[in-house]
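Colleague: sequence isn't available, so here's the structure alone:
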């Protein structure tokens, strides 16, 4: 996607990495969200600077054909995993999966390829087919 490449370049110019984008509707408003990560954390000042630069770019190259509000933020401590790079970058972390016909599974992501996850669940490794995963995110025990 040409637009995503441009967004990634703008984010990278600030020393951060594009994690994902999302279009959401809340209270009759369309929101275009840009999630970023950075070694050492994401600050409000960083989000503001990236938002400013993205706004300038979007004035000429709008990401949506409708009126929207731009939000730039961290994906949070419990990040949604929906792209191969998200899984690959989360190896060694606790994850929570919703698996078809099984419900929720929590464990440590040991490895990942395009078709299979290997998750350590209480000391036992289990292979899980990517096609059976309805929802995935990193997990933090509060």
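Modeller: Perfect, I can see it now. Computed from a predicted structure; not experimentally measured. Numbers count the residues shown, from 1 in each chain.

Colleague: flag every buried residue along stretch 10-17.
Modeller: By neighbour count on 16 or more other Cβ atoms under 10 Å, the buried set for stretch 10-17 is 10, 11, 16. Bear in mind the C-beta positions are built from the backbone N, C-alpha and C, glycine included.

Colleague: and the first one, what is it in contact with?
Modeller: Which is residue 10. By Cβ atoms under 8 Å, 6 or more residues apart in numbering, the residues touching residue 10 are 50, 53, 54, 57.

Colleague: among those, which one has the most neighbours?
Modeller: Within those, most neighbours by other Cβ atoms under 10 Å means residue 50, with 25 neighbours.

Colleague: wait, a strand at it?
Modeller: No - looking at residue 50 with DSSP: H, G, I helix; E, B strand; the rest coil, it is helix, so not inside a strand.

Colleague: buried residues in stretch 92-100?
Modeller: Going by 16+ other Cβ under 10 Å, stretch 92-100 has these buried residues: 94, 95, 96, 97.

Colleague: returning to that earlier point: dump the buried residues of stretch 10-17 to a markdown table, plus pLDDT and distance to residue 117.
Modeller: Shown next, in a markdown table, are the buried residues of stretch 10-17 (pLDDT from 0 to 100; distance: Cβ to Cβ, whole Å):
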| residue | pLDDT | distance to residue 117 |
| --- | --- | --- |
| 10 | 97 | 32 |
| 11 | 97 | 27 |
| 16 | 97 | 27 |
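
Colleague: just the ones in strands from the residues you listed, please.
Modeller: Judged by DSSP state E, those include no members of strands.
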